[in-house]
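Student: give the three-dimensional model of this entry:
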Amino acid sequence: MFEENQNEGMRYPSIDQFSGITSSKYKLVIAAAKRAREIDEKNDCALEKPRSKKSIGKALEEILAGKIQVL
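Tutor: Predicted structure coming up:
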């Protein structure tokens, strides 16, 4: 029937890791979406070796690393 693919979905970084960065999940989502669009358009990532392959994962990794500030 249904087999779970281990590569599907977001697994890293976890939402729990962002609790100290911002109290608003809405602000986090907006900041990550904007940065992901920039990564897609300009093909630039502030991290040398991101774990994520997708731009939204890279954006979240940058926020977690302190490279992008959530206002």
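
Student: list the contacts for the most centrally placed residue in the chain?
Tutor: Central residue of the chain (Cα atoms, centre = their mean): Leu60, 2.0 Å from the mean position. Taking Cβ atoms under 8 Å, 6 or more residues apart in numbering as the criterion, Leu60 is in contact with Met10, Pro13, Phe18, Ala32, Ser52. (Glycine included, C-beta is placed from N, CA and C.)

Student: now do the SS call for the second one.
Tutor: It stands for Pro13. coil (DSSP: H, G, I helix; E, B strand; the rest coil).

Student: that one and Ala31, how far apart?
Tutor: Plainly put, Pro13 is 14 Å away from Ala31 if you go by Cβ to Cβ, to the nearest Å.

Student: which of the two has more neighbours?
Tutor: It is Ala31, of Pro13 and Ala31, that has more neighbours when counted by other Cβ atoms under 10 Å, with 21 against 16.

Student: name the surrounding residues that touch the helix or strand that that one is a member of.
Tutor: Taking DSSP states H and E as the criterion, Ala31 maps to helix 25-42. The contact list for helix 25-42 (Cβ under 8 Å, 6+ apart) reads 15, 18, 21-22, 44-45, 54-56, 58-60, 62-63, 68, 70-71.

Student: what residues does the closest residue to Ser52 other than its chain neighbours make contact with?
Tutor: Spatial nearest neighbour of Ser52, excluding adjacent residues (Cβ to Cβ, 6 or more residues apart in numbering): Lys58 at 5.1 Å. Residues in contact with Lys58 (Cβ under 8 Å, 6+ apart) are Ala36, Ile39, Cys45, Leu47, Pro50, Ser52.
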